[in-house]
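Engineer: got a sequence here, can you build the structure:
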Amino acid sequence: VIYIMVKGYDVIIQREPWLPIPVAFRKLMSTAGLSVQVSLLASCVAFSLGSTDRLNSVKWFSAFAALNTLMIMVLMMTLFVACMVLTERRIKTGRFDVFCCWKADKGLEDGPTTVCAIPVAAPVNHVTIAPTAMGFDG
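Structural biologist: Next comes the predicted model:
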């Protein structure tokens, strides 16, 4: 589910890099967000149907799985998208991943700034969602 949201945003930004952040996320939620909602809602309905079984273990597993799937859907559409927006704002302003109150040096267009060969800031023109502190590129 996270992969669908992140890759959907990457595709939108690659096709239309001039879009402001609110418009890009509006497009994301109308395309990838809709597919995530449909798939999670289908899983929730399937688990809800499983909770009508007579076997107690299946009934309770399905009930908890349906509730958890519903909670995942709500959190993906609210909290995760909000964190993605905050991350994109931080990247566009050239701020560090962990210490976001400090701005990176000018000239990040060439690549990330490193300290002891560990990337600590993402380039301004590069879209990353995952932290780059351990050398993972998003």
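Engineer: how many residues are close by Ser35?
Structural biologist: For Ser35, the neighbour count with other CB atoms under 10 Å is 13. In this view, the C-beta of every residue, glycine as well, is placed from N, C-alpha and C.
Engineer: pull out the buried positions in the helix or strand in which it is found.
Structural biologist: In the assignment (DSSP states H and E), Ser35 maps to helix 21-50. By neighbour count with 16 or more other CB atoms under 10 Å, helix 21-50 contains the buried residues 24-25, 27-29, 32-33, 36, 40, 43-44, 47-48, 50.
Engineer: distance to Ala65 added to those, as CSV?
Structural biologist: Listed next are these as CSV, based on distance: CB to CB, whole Å:
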residue, distance to Ala65
Ala24, 33
Phe25, 29
Lys27, 31
Leu28, 27
Met29, 25
Ala32, 23
Gly33, 22
Val36, 17
Leu40, 12
Ser43, 8
Cys44, 9
Phe47, 4
Ser48, 9
Gly50, 8
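Engineer: for those residues, give me TSV that also has pLDDT and distance to Leu79.
Structural biologist: Below are the buried residues of helix 21-50 laid out as TSV (pLDDT from 0 to 100; distance: CB to CB, whole Å):
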residue	pLDDT	distance to Leu79
Ala24	91	18
Phe25	92	14
Lys27	92	20
Leu28	91	15
Met29	91	14
Ala32	89	16
Gly33	88	13
Val36	91	13
Leu40	93	14
Ser43	94	19
Cys44	95	18
Phe47	95	22
Ser48	94	23
Gly50	93	27
